[in-house]
Every structure is written in structure tokens, then in C-alpha cells.
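In: Next comes the sequence, and after it the predicted model I'd like to discuss.
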4 protein chains.
Amino acid sequence: MTADTASMKQTAGPSFGSDYMGGAHPRVLEALTETNALRTPGYGTDSFCQEAAALIRQACRCPQAEVRFLVGGTQTNLVALSALLAPYQGVVAADTGHINGHEAGAIERGGHKVLALPARDGKITAKAIEACRSAWEQDETRDHVVMPGAVYLSQPTESGTLYSLAELKAIQAVCRKAGMLLYVDGARMAYALGCPENDVSLADLAALCDAFYIGGTKCGALFGEALVFPKPEQIPHFFSLMKQSGAVLAKGRLLGVQFKALFTDGLYEEIGRQALAQAARLREGLRALGYEPLGASPTNQVFVRIPAALYHQLIAEGLGGFWSVEPEDAYIIRFVTDWSTREDEIRRLLDMLEKAR
Amino acid sequence: MTADTASMKQTAGPSFGSDYMGGAHPRVLEALTETNALRTPGYGTDSFCQEAAALIRQACRCPQAEVRFLVGGTQTNLVALSALLAPYQGVVAADTGHINGHEAGAIERGGHKVLALPARDGKITAKAIEACRSAWEQDETRDHVVMPGAVYLSQPTESGTLYSLAELKAIQAVCRKAGMLLYVDGARMAYALGCPENDVSLADLAALCDAFYIGGTKCGALFGEALVFPKPEQIPHFFSLMKQSGAVLAKGRLLGVQFKALFTDGLYEEIGRQALAQAARLREGLRALGYEPLGASPTNQVFVRIPAALYHQLIAEGLGGFWSVEPEDAYIIRFVTDWSTREDEIRRLLDMLEKAR
Amino acid sequence: MTADTASMKQTAGPSFGSDYMGGAHPRVLEALTETNALRTPGYGTDSFCQEAAALIRQACRCPQAEVRFLVGGTQTNLVALSALLAPYQGVVAADTGHINGHEAGAIERGGHKVLALPARDGKITAKAIEACRSAWEQDETRDHVVMPGAVYLSQPTESGTLYSLAELKAIQAVCRKAGMLLYVDGARMAYALGCPENDVSLADLAALCDAFYIGGTKCGALFGEALVFPKPEQIPHFFSLMKQSGAVLAKGRLLGVQFKALFTDGLYEEIGRQALAQAARLREGLRALGYEPLGASPTNQVFVRIPAALYHQLIAEGLGGFWSVEPEDAYIIRFVTDWSTREDEIRRLLDMLEKAR
Amino acid sequence: MTADTASMKQTAGPSFGSDYMGGAHPRVLEALTETNALRTPGYGTDSFCQEAAALIRQACRCPQAEVRFLVGGTQTNLVALSALLAPYQGVVAADTGHINGHEAGAIERGGHKVLALPARDGKITAKAIEACRSAWEQDETRDHVVMPGAVYLSQPTESGTLYSLAELKAIQAVCRKAGMLLYVDGARMAYALGCPENDVSLADLAALCDAFYIGGTKCGALFGEALVFPKPEQIPHFFSLMKQSGAVLAKGRLLGVQFKALFTDGLYEEIGRQALAQAARLREGLRALGYEPLGASPTNQVFVRIPAALYHQLIAEGLGGFWSVEPEDAYIIRFVTDWSTREDEIRRLLDMLEKAR
């Protein structure tokens, strides 16, 4: 097998299905390879985790933050929220939020109600959160009612949209006033940070949140999420909480090595910018063909409504992924770009759509 | 940096601390590197997971088995036992069993009592298990008492010992008669399979157990465990159970790729044999210096009793790991070999011990 | 203290606040008094529980049913649903359902998501339930989504309304087709059975449900709920499930004695009829004063919208109870009758309302 | 019905089986009857609960204590310990402790490991508790090990024995030093307080414990336990924790009424003294017949070893209860007295034993 055919073979496979379908960014893989023969203490006590945590604290301009590395997003959400919430508290979230719809009930399995608010473009407002909390406070039977104890946001949201800094500050003000904690799921954080429309930095998140995570799995790592607690020692014995949920990686340095690579020389934001450039190209092409992207996503997720027949054809070709069944024999299909998306893939998709007209 | 110095640098670091301190076996890493640029569907639905599962079914001579890939051992134990046990059941285990002592209460967090029996050399007997179950059956208040619903064994045990085929069969007979399920934690399975004293094959485990896992993390993989249910469809919707415990890897193919490599060309057993050869060399050296290994471990774990001062010296040098504090100012130290253990490391350890005499 | 003053003292106190504010029906109290000096085996193994269960099986025309006695409604809901649901399943309920709003998150604490559907007059429809289940079935990511595994209804509902037999049959048909279980919360069952508009008998519930409970606490008992599983042995070791939730009463016969009294000589339905006669009288009086009852409740709960000032006055007098805060400086107040409601109480309430005009 | 037939009817039924086999003490029943026709607010917000709490605070000489009323012992243990323990903590208990053996795994179902220590006569020592905690502290892998976070004692113990004040103080000192909380299960507290050998008052418990409960069910009430938190507001939102475990009684005043009666005019201690006088009589008679009571119980539980045939005969007659199966065709039988035990019952038992010689 020549290098060319190897390359061709490796580039085959589905495209636009999601941002977890590829491997690691070459620089991340290289770091793993270089360090493979080393032996280090386990469970995140190694020097790579320390270095990665230091880089993240620096990126967050939050020298006192506690940084923990976990393997996946659902795991991070369930362990973090279990730690942030008292048993009698629930977590306010958009009804479209990942914890409400796509984690198989992990938050409830952990004992907490998800208090779902109707989302608009994947987002909930400070006003709606305040109303939810006020309704509880004014309810004379509130001791029988789940207390809204924390707010869960995704940045970017599951719909690809972004909270603005003003929106986040307003939400944080509601939380602070009511004594609720603010948690942000950043599974796709790179695609927020790399987005021209975005005005929320990691330092802003560290200033506003009680906890948030910086996603690795969908943003250039093989796997891994970096959970940041800006206020140190907020959660005592967090390691044991992780352990009892099976959320500690024995070879913890694998997480440190990857996040060190991602936070060296601006790689994490570069990954975001690459994906967004391709998403912009895709949106332009779709519009030219008459497919107006739905919603307000400025990030790496693009949604369009297409007829059922075309949907099945694209899925069969490994292009795009299921989003929802619609009335009138239609589907919403989602196209997701990432740092590895290539122009020829976009051309191939647009060609197929053009032929289908 | 020349290849030599790079190699020297990488080989620095702790030795004998545990079998999770290094990276992946070169052939596993190579497989990950080769497949890195591919895109595949997520969550274990890819072809690598299918191929790896097929290879494991073959190794287990159990064509109907269901094989699931998880990330780590505690995670696998907690998800598997939650699935195997009814809410009113507990799991019988050696008091030295990993789930009883070193998983931060994960099984209890999942709602189940660990019914700990006194272990001898890390093992429990069919007779003791039967007595435990009989005591429950004969207890006239048994509806108020946790029912022993499953048995947890480790092969090899936490003490490095092995269950013989005869012992396993006797335990399985007790389980079958009483309606209890049998689960085996194989975190270090390679070091059982590669051990001359071992007479229990994967096919035996598939024939005798309701579930068991074949460890990857400590046996050549970066991470990963292969959970085998020999009776198909025993656990409906197991994927959702995994998901709600945060135990699904988004880029699931990483597990398939690694286990495919481990179960190709006999790599998994080879890894075991390499580690055991080094353990034998270490035991011989220790004995020559008057340190008689404690217990009956024939596998890759070696335990010796040493004075506190020597213990602290060895730990400071990154040689061996904590096992327990003993009376009379002594410690038990544990030395663990794995496939990456080198002869020069053994010499270095023995030299230090010799000097300390 | 003369009998008169004693009586006056005892009849003082709040009225219409709820149906759990009084003591037991005199015949229930008498039965407890008569049996007080007896000694019986504990935990529900006594003959009174057996007799009461037999009477309930007879009332349900379901000779094979398993009947369990628990202390309270939230307790019964959480133990029953934990037993009926697999860990990966959630329970479909009206958003106004007691388990969704007023049990402090007990169902989620037990590990299950409440899949809330918008209610109309406290009820959900077969069509909406079917749509909820279909959406899950058609979702290509359904393994990541909580499976609707059971349906929770209240009869009467929290809004005082009733499911008709036709509605229940339609819901049961949806459940049966989809493999979902049907559970009915009958905390106020007497007020359904005693209602002229009701066409659902206990025998119908036994024929249609997988489990339901017949409320005692709000229907003449000091406390207690009778949980009926029409299909015997559906839930193995249910006693142990109760015990591990702290839901077993040591002096279990207290439940048997009370339910035996309630199901002797038609007392349970008589209690319902008495309360409904008073509710009818109250509705008539309210309408005459221009307060049109809200919603469609034909049972013992009456809701009216009143100005805030009047609301606070009535509450201060112990008349009625909080239902909700409304816009425009108004409240919804709830008036609940039970078997102990007296005509003079209704007159007193109507007089106050008249004076406030 | 004449007094005679009433008496005969009432004397039927088992004796010495346990202290939960009868009804309520006449004065408790009278209080329930007198208040039956009252209407009061629900869920423990009534004036009887306030009065009972005040009486208990007085008896505990702890004016600031928070007092909560629950229905049963297992329920109280599970809710209290869930509130006292952090998720990563377990509770140290005697292996014979009720939570370890007879609550069907309720504590584990709530997520916590019971760290069982070998008991002697039902008791554990300050030294053993300290050793357990020290082992955890000295364990270099302690983050992977369940932290001993609280100590559970029973007073009297399940074996009928008592902790002395000196023993309790020593245990509390260990707890305070290590930051562990101390919890005492007082299901049979009256039989400690009424015991001449006892030197631990309620005031001592309030001074030494973080929480303890005063048992009603086994000590004269129909049901109910009074949970005391000597340090107010230690557990925020405890009501909601109760509610989400189904541990709130709707007609909460029933608990207040009963505990008010029990703590009026010294009834609670009187109940204890009555039972202990009968237990003393029983022990004397047993010894005279050559049955030496086992263990060191000075309270209302008496244990003797008898041949299997005699055991089955006594059980068939409703005399005594199962304790354990012994080797050599023998049983341990338990005889329990309470305030309702009569001399004729003791004579009947002793007569049967005499005949069996």
C-alpha cells in the first residue's frame, strides 16, 4: 500500500455526521506517541496533568482554579452536577439541553430533576430562569417542590448558537441573587472560541461560572474534557466523587498530554477557526442551492430541512446526521464540520444536493 | 535529540508501581495511529468494535456472546453489577476485592451492598459463598436482609493469585444452584492467561460466568475493558445503562481498534507472558537477597515486607508502590511488572536492595 | 371540660384546606381502638392485612391480585414506580401530576426521569402518550434518550377531574401496544368512586392497570395506601424493595385494620359520596355568589379565582388552601371537602364571601 | 362485651416476639382519640408537633435542637444518614447493627457503604472506630477508599446492651477529633432510659451526638420516631429530604400527638421501667430453669440457646422470636418484653419450658 492509497483509504468514511467521528488532531496524536513509552503515576497525579491544568488556568486567567480531567461529556456533566447540587435541588436547563434529552437520564439516575425550560434556538434567558426560580420561591408548598439549585447552559448550544457575554452576565446575576450555581457544558467550546460572532472568552466563563468544562472529544482530542472550578476547594474530595462514578482514568496522563497539546501555541482556538471556516463555506454553498440553514447557528453545526428521500440518500452516503423527523415527509439533517473537514468533502456534499434538485 | 537519548528519556520514570503507569503496547499505538484519520460512526457502532468483538467471541469460543467496550475497570464493574443485580440484591466478594476496597464506594453509590467475605490470598471459596447464601436462605427474617444475588471474583485477584478451573467450577455450581450470577473482574486477565500455573481459559470463563471483563488498561492498551456477556440479550438496553452512567466513549472505535490489535496474532497472551517472565526474574532476585515474596501470587504482582526506611527510599526512587502499613515499623511494598518491564529496571531495584542490607 | 366545649374545641380549626387535615373516620378509629390491645406479627404478616387484602381483591374482582399496604402516597409512588421501571426507563405523566410537581423530586431521587406532558384539566390523552412513545421509537438516537416505560395517571387528578373508562381503555391500549406499564395514583380514589360522573370501577382499574393504589390517608384513614398489583408475582421481592425504602410499617396490622374497616359495608364509597354531596353544595353556593368554579372537577376539589386581599383573609381564617399565584393581583384558592365536612362550615365560608363583595 | 371476654380476646396472640407486636399505650391511644375530630395543617406544621418538639427539647435540655418526626426506624436511619453523610463517605457501624443487617440494604440503596466493625455484645469501641478511621487516613490510596464519615450506634443495641456514658464520650472524642459525625439509633430508647444500669440520659445524647432518634414504635406509640438534631440548621432543607424519600406523614399531627403523650408526665420512661421489670422477672425464671441468658443485655431483650425441637414448639405457640440458627441442632431464641407484657404471659412461657425439660 502506497502512502497515497493509505491516505485515500483513511479519508473515506462518513462526513459531517458529527465532530466525534475522526481521531485526534495530528499534534495531539504526536504528543501521545512521543510520551507513550514513559511511565507516570496514575489517576491524574502526573506532571502532564499539572502542566495542562496550569495552561488552562492561564487561558482562563484564573490562577486559583481547580482543573479536573475526565473522559467524556455525559460523564463530566453527571459528576459535576452531582457535586454542585444538593440532593433536594434540581438543575434548570433548556429543554433542548444535552442533559435533558441525550444522556439517557444520567442526571436523574444521579438523583436530580432536570427542570426544563422551553428553549429558543437552543438558549434560555435570564428572565425565564428568574421566573422559574421565583415561581418556586413564591410557591407556598415549595418544600414539596424541587428547588432550582443550578443552571446548566451549553456554549455553543446543541443548536450551534452562542450565548453573548451580556446574556451570560444577566444569567449569572440571576444565579448570584438567588444562590443558584452556574454550570456551562463546553463540549464544543473550541467552536465558540474560534467563532467571529463570539464575545465570551474562557476568562469570562471563569469569572461567571461555578464550573464549566472545556471539551476535548469534539475539539481535536481522542477523548477528554477539562472541568474547571474557578473557586478552589469548592467541592471537597471531588476525586472520590469521580472515582465512585467510574470517572477516573487510570492512565490519567493521557488526558494531561492531550490538553497540554491543545493549549500549546493556540491549537485549541485554531481547531475552532478551521472548522468554522469550513462551516461558512458549507452554508454559502447550501444557500446557493436554495437550502437556507435553519436556526441561528454561527458555529460548526448547520441544519437544513430536506425531503425524506434526499435525507435517506445522504445518510446512506455517510453525509450528515439525523436531527429530527418533521411533518410532511421531511427531515431536519445536521451537517457538522470539525478541524478535519476538507473542501473536497464539502464539494461532494453540494454536488449531491445539486443533482438531487 | 538522537533516537538513543529520546529512548533514554522516555524510559525514565517510575517502575514497578503498577501496570497502568506506561502507555500502550507499540502494536496498539500503531493501530491507533494508522486509523487516526478515519471517520467512523460513534458510540461503538463502528466496524472496528465489530471486528474486535468477533475476535473476542472467537477467543472465548462463544459465538453468541455480547461484547461491550468500556473505558475503565471501576466503570465496568459498576455498570455491569448494576445491570446484573436486582435492587434488593447485594454482591458477594472477597473483602480484599477491588469493589470492596478501592472503588470509593461505587457499588454502594449504585445502590448495592457488597457482602464481603474474608479472603485468603485474595480468594474466596465455594464453601464460604454457599454458607453466605445459606445463612440468608435460612434466616427467617431474610426479607429484611440483603439477598446475595451475584458473586464477584477477580482473576487474577488483587493479591496476584489465581482461581483454578476446579475452584471456579465449584463456585459456579453454588451460584447455579442458588440462582446467583457469577461475574469475574479481569482487569489483569493477560497476566492470568500468560501464567504457567493458570488452567482457566477465556472459553472456560465464557462457559462459567454470566459476565466477565477482559482488561485492556493494565494489559497493553491505553485504556479500555471488554465486557463479555456469554448469554446474549441477558441485559436488555445495556447501552442505555452505560450511557446513563457516563460510560460510553463517543469515539468508541478507539476501543475497537485497541482490542482488535490485542486479539490479533496472540498479542494479549504474549503481553502476559512477557510480564510474567520479568516477575519470575524479580522473585528470584528478591529471594536471593532474603526477601521472600508474601502470599501465593504466581502472576505479575510481587509483595515483600520491608522496613519503613527502605520503603520510603524505594518509593522516593519510584520503585514499587504502597500496599499496606504493617506493625513494627514495616511496610508491605508491591512490585508490579508488565509487558514493558525491562531487565535493567530489575537490576536497578535489586542493586538498591542489596546496598540497603 | 364539658362534652360540648370539647366538641367545639375539636371542631374548630381549618376547613377546606385539604382532605388530610382531619383524623380518621369514626368507624376506622373504632377498629383501631378495638384491636389496640392485640399482639400480632409485624410487617404486614398479620391476619388483618390478609383480611383487608381479601376484601380489596373482592372489590377489584381480581382474586389473584397482590395487595401491599404502605403508609403514604409519595412513598407508594416512589416504591411502586421504582419497581415497575427498568433503570433506563422514565415515566410519562401530566406536568400537573403529583410526582412531577409535589414530591420534591422523589421519582428522580429514585433514578427515573418524569417525562412530563402538558395536561389539560389535569389529564393527558392516549394520543399524547402515543406521540411521546412514537417520538422515542422513531428517534435514531433513542438509545441515548430515556425510554418511556410506564404511564402515571391520577384518578381523580390533582385538578379533581376524572378519566372516563373510554379514556383509560384508550391509554391502556397504547401502553399494551408499546409495552409500557400503566400505573394509577388513587390518593383520592374514594372521591372518584363516590362521584356520579365516574364510570371507572376498581374492577376496571384492576383489568387495565399494572399497578394502582387505593388511597386511605385522604379518604377516611389515619394514614395508609393499598397498592394493588393485578398480575401476581409481577414484582418479585417487593417487600424487600419496600423495606429498603423505609416503606414498611413495623406494626403493619394498623394498615390492615384500617383498610378492613374501609372495605366493610361499603364505607369507602360512602365516604366519597358524603364528600361529594358537600362539594356540590359548595359549588352551588359559590356560583350563586358569582364565583364560577374553574376547571372541570366533579369531585371533592373546587377551585375559584379570587382577589389577593380576599385570598389572604380566607387563608387567615383557615378556609381553603393555596393553589397558585395569578397575574393581576389574584390567586387561585382551592376548597377541598371530605367525609367530615359539615354544612355549617360551608355556610361560614359562603357568608364570608358574601360579606366581602 | 364483658371485661373478661375482652381480656381473653386481647390476650390472644403472640408474646415476647418483639416490641412492635401490640398497639399503642392506652394514654397514647387516648390522645389520638381525643384529637381525632380536629383539623390541623398537614406535614408536621401543626401545634401538636410543636408542643411535642418542645417537650423533647426540654427532656434533652437542648433548647436549640431541631426535632423531626418520622414514621419508622429504617426510614429515619436512611433519611438521617443520607443527610449527615457526604456522597464519598460511609458510616461505621457494628456488624450486628440494624443498618448493616436488617434494613434490606437501605443505606446502600441511598448510596453509602456501611463500614462494619466486629461487634462484641452488639457494641463497638472507641478504639476500633479510631483504628478504622486511622487506617483510612494512613492509606496512601485513601482517595480510592470510602472515607469513614459518621458513626452509627444503637442505644440499646440490637443485642440489648447499653453504651455507658464513658464509652459514648470516648467515641464522641474520636469522632470530634477526626471530623466524623455521631448518630445514635434509639429505636428502643425507652428501654435504655428505664434501665437501672443505664447512665446515659437524653441530655447526654444531645450533648454528644450530631443526631439521634427517640423511638416511638417499639416504646408505646402506634408508630413514629423523633429525630433530634442538637445543632440547629445543621441540615438545611431537611423537610425536602424527607419528602423525596416518602418519609413525610400527611397527617403529621398524629406523630405530634403521640410524642406529646409520651413526653407528658414521664410516660416514656415509665414504659421503659415496666418492660424492664418484666424482663427481670423473665430472666430470673429462665435461670431457675437452667437457661442462662446469653450476652450482657440488661434491657428488654433476653436471649437463650434452646434445642431445635423446643424452639419450634415455642414459635408455634407464639412465644418468642427467631434470632439465629446455631450448630448442633440448636437455635437462639429471643424473648422481648414491653410495657404491655403481663405476668401471666411470663408464667405461661416458663411453664412450657419447665414441661419441656
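Out: Sure thing, it's come through.
In: helix, strand or coil for the residue lying closest to A:Arg334 once chain neighbours are set aside?
Out: Leaving aside its chain neighbours, A:Arg334 sits nearest to A:Trp323 (4.3 Å; criterion: C-beta to C-beta, 6 or more residues apart in numbering or on different chains). No exception for glycine: its C-beta is placed from N, CA and C like everyone else's. Secondary structure assignment for A:Trp323 (DSSP: H, G, I helix; E, B strand; the rest coil): strand.
In: Am I right that A:Trp323 is in contact with A:Gln301?
Out: No - look at A:Trp323 against A:Gln301 with C-beta atoms under 8 Å: they stay out of range, at 9.2 Å.
In: shared neighbours of those two, anything?
Out: Contact criterion C-beta atoms under 8 Å, 6 or more residues apart in numbering or on different chains; residues shared by A:Trp323 and A:Gln301: A:Arg334.
In: Name the residue in these two with the higher neighbour count.
Out: A:Gln301 (27 against 21; other C-beta atoms under 10 Å in any protein chain shown).
In: right, and that one touches A:Val336 too?
Out: Yes - in this structure, A:Gln301 is within contact of A:Val336 by C-beta under 8 Å, at 5.3 Å.
In: Might you report the residue contacts of the residue of the stretch 251-357 of chain A at minimum distance from chain C?
Out: In the stretch 251-357 of chain A, no residue comes nearer to chain C than A:Phe322, which is 4.2 Å away by C-beta to the nearest C-beta. For A:Phe322, the contacting residues are A:315, A:331, A:333-334, C:139-141, by C-beta under 8 Å, 6+ apart.
In: change it to 6 Å
Out: By C-beta atoms under 6 Å, 6 or more residues apart in numbering or on different chains, the residues touching A:Phe322 are C:Glu140.
In: Look up the residues forming beta bridges with it.
Out: A:Ile333 (DSSP bridges).
In: which SS state does A:Gly17 fall under?
Out: coil.
In: Can you dump the C-alpha atoms of stretch A:113-127 in CSV for me?
Out: Extracted C-alpha coordinates of stretch A:113-127, given in CSV (Å, rounded to 0.1, in the frame of the first residue of the first chain):
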residue,chain,number,x,y,z
LYS,A,113,-34.6,16.5,38.4
VAL,A,114,-33.8,18.5,35.2
LEU,A,115,-36.1,21.5,35.3
ALA,A,116,-36.5,22.0,31.6
LEU,A,117,-37.4,25.4,30.2
PRO,A,118,-38.6,26.0,26.6
ALA,A,119,-35.5,26.9,24.5
ARG,A,120,-35.4,29.3,21.6
ASP,A,121,-32.5,28.4,19.3
GLY,A,122,-31.1,26.2,22.0
LYS,A,123,-31.0,29.0,24.5
ILE,A,124,-32.8,30.0,27.7
THR,A,125,-33.0,33.6,29.0
ALA,A,126,-32.1,35.2,32.3
LYS,A,127,-35.7,36.2,32.5
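In: List the buried residues in that stretch.
Out: Within stretch A:113-127, the residues scored as buried using 16 or more other C-beta atoms under 10 Å in any protein chain shown are A:113-117, A:119, A:122-126.
In: I'd like those residues laid out as JSON lines, including distance to A:Pro26.
Out: Formatted as JSON lines, the buried residues of stretch A:113-127 follow (distance: C-beta to C-beta, whole Å):
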{"residue": "A:Lys113", "distance to A:Pro26": "43"}
{"residue": "A:Val114", "distance to A:Pro26": "38"}
{"residue": "A:Leu115", "distance to A:Pro26": "42"}
{"residue": "A:Ala116", "distance to A:Pro26": "40"}
{"residue": "A:Leu117", "distance to A:Pro26": "41"}
{"residue": "A:Ala119", "distance to A:Pro26": "36"}
{"residue": "A:Gly122", "distance to A:Pro26": "31"}
{"residue": "A:Lys123", "distance to A:Pro26": "34"}
{"residue": "A:Ile124", "distance to A:Pro26": "38"}
{"residue": "A:Thr125", "distance to A:Pro26": "41"}
{"residue": "A:Ala126", "distance to A:Pro26": "41"}
